[in-house]
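K.L.:
next come a sequence and a model predicted from it.
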Number of protein chains: 2
Amino acid sequence: MTWLDDVKWDRDGLVPVIAQERGSKDVLMVAWMNREALAATAERGQAVYWSRSRGRLWHKGEESGHFQQVHDIRLDCDADVVLLSVTQHGHDPSIACHTGRHSCFFNRLQNEQWQAVEPVLKDPETIYR
Amino acid sequence: MTWLDDVKWDRDGLVPVIAQERGSKDVLMVAWMNREALAATAERGQAVYWSRSRGRLWHKGEESGHFQQVHDIRLDCDADVVLLSVTQHGHDPSIACHTGRHSCFFNRLQNEQWQAVEPVLKDPETIYR
């Protein structure tokens, strides 16, 4: 499919992907996709990433139940970053981070230190059964 | 500085950085920083990136006047992506993209094609004098 060829895949065949929550516009997380993952995401309407640590496709929510419904897929001017507009399912308030927090960007630079400034909404031990 | 050591720099010594507009919460762009760029960004309170194409520090706005005032610097759970909360200066409505658009994420996947869905706010020829 041509639109997949338009993406500038990096030397590992991957592209970084930002998941932004549609309602709050919060940036929830960044993960990676290969060609197959992006095609699957577009087809299913749910985020499917490439897990670099596990070396396989990762249907977000497959273990946690925290699926991401995808409303919109965008590509930047250089064609090397993808932006998803998503609804984060599985918990209210929504949890995207494996630490049980809303967003993965919970570390804020304060006084030359990274400080966790967002609460854990659910114990990760109970998310991954 | 310890907080710079906490970042997981990639094999090229870089980290991807998302610039999100504080007021609108729009994702404006993604660029890269090395250690020096991130230190300079924190010190100046303005975004300083590493230009991979030019192989040098790039103080965003140095040519266009479209500076980014940085309000907040965040690091994700894996310590390998940075998120900036910025005010995008230099034009109203704000322009972050070198194409003269508000955001770099102006290509939307529609009918299996990337379609430019955001207007050019200023001719790029007149931005870079």
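P.N.:
Nice, I can see it.
K.L.:
quick one: contacts for the residue in chain A that chain B sits nearest to?
P.N.:
Nearest to chain B in chain A, going by Cβ to the nearest Cβ, is A:K25, at a distance of 3.6 Å. C-betas here are computed from N, CA, C, even on glycine. Contact analysis of A:K25 by Cβ atoms under 8 Å, 6 or more residues apart in numbering or on different chains lists B:S24, B:K25, B:D26.
K.L.:
out of those, which comes closest to chain A?
P.N.:
Distances from chain A to those, taken by Cβ to the nearest Cβ, are shortest for B:K25, at 3.6 Å.
K.L.:
quick check: A:V15 vs B:W32, distance?
P.N.:
According to Cβ to Cβ, to the nearest Å, A:V15 stands 14 Å off from B:W32.
K.L.:
try A:F67
P.N.:
Noted for A:F67: a distance of 30 Å to B:W32, by Cβ to Cβ.
K.L.:
partner residues bridging A:L109?
P.N.:
A:W114 (DSSP bridges).
K.L.:
more crowded one of A:V15 and B:W32?
P.N.:
Neighbour count, other Cβ atoms under 10 Å in any protein chain shown: between A:V15 and B:W32, A:V15 has more, with 22 against 18.
K.L.:
could you list the low-pLDDT ranges of chain A?
P.N.:
For chain A, applying pLDDT under 70 flags the ranges A:129.
K.L.:
so which bits of it are right by chain B?
P.N.:
A:1-3, A:6, A:16, A:18, A:20, A:24-27, A:29-30, A:42, A:72-79, A:81, A:83, A:97-99, A:101, A:104-109, A:112-114 (Cβ under 8 Å from any Cβ of the partner chain).
K.L.:
circling back to that earlier point, just the contacts of A:K25: which are in strands?
P.N.:
Among the contacts of A:K25, none falls in strands (DSSP state E).
K.L.:
nearest to A:D92, of the residues you listed?
P.N.:
Relative to A:D92, the closest of the contacts of A:K25 is B:K25; by Cβ to Cβ it sits at 20.2 Å.
K.L.:
any idea how far the closest one lies from A:C77?
P.N.:
B:K25 is 20 Å from A:C77, by Cβ to Cβ.
K.L.:
same thing with A:S85?
P.N.:
Using Cβ to Cβ, we find A:S85 at a distance of 18 Å from A:C77.
K.L.:
how far off centre is the helix ranked longest in chain A?
P.N.:
As assigned by DSSP state H, the longest helix anywhere in chain A is helix A:35-44. Relative to the mean C-alpha coordinate of its chain, helix A:35-44 is positioned 13 Å out (Cα atoms, centre = their mean, to the nearest Å).
K.L.:
and the helix or strand just after it, which strands flank it?
P.N.:
Per DSSP states H and E, the first helix or strand lying C-terminal to helix A:35-44 is strand A:48-51. Strand pairing for strand A:48-51, determined by DSSP bridges: strand A:56-59 (antiparallel).
K.L.:
and the residue nearest to A:T41 when sequence neighbours are not counted, how many neighbours does it have?
P.N.:
Once flanking residues are discounted, A:T41 sits nearest to A:V48: 4.8 Å by Cβ to Cβ, 6 or more residues apart in numbering or on different chains. Neighbourhood size, A:V48 [other Cβ under 10 Å]: 24.
K.L.:
I figured A:H102 hits A:M29, correct?
P.N.:
No: assessed by Cβ atoms under 8 Å, A:H102 is found out of contact with A:M29, at 10.1 Å.
K.L.:
now for those two: what residues contact both?
P.N.:
In contact with both A:H102 and A:M29: A:A96, using Cβ under 8 Å, 6+ apart.
K.L.:
which one of those two is surrounded by more residues?
P.N.:
Neighbour totals were compared for A:H102 and A:M29, and A:M29 leads with 27 against 21 (other Cβ under 10 Å).
K.L.:
quick one: what helix or strand has that one in it?
P.N.:
Secondary structure assignment for A:M29, by DSSP H and E: strand A:27-33.
K.L.:
isn't there a helix covering A:W3?
P.N.:
Yes: with DSSP: H, G, I helix; E, B strand; the rest coil as the criterion, A:W3 is assigned to a helix.
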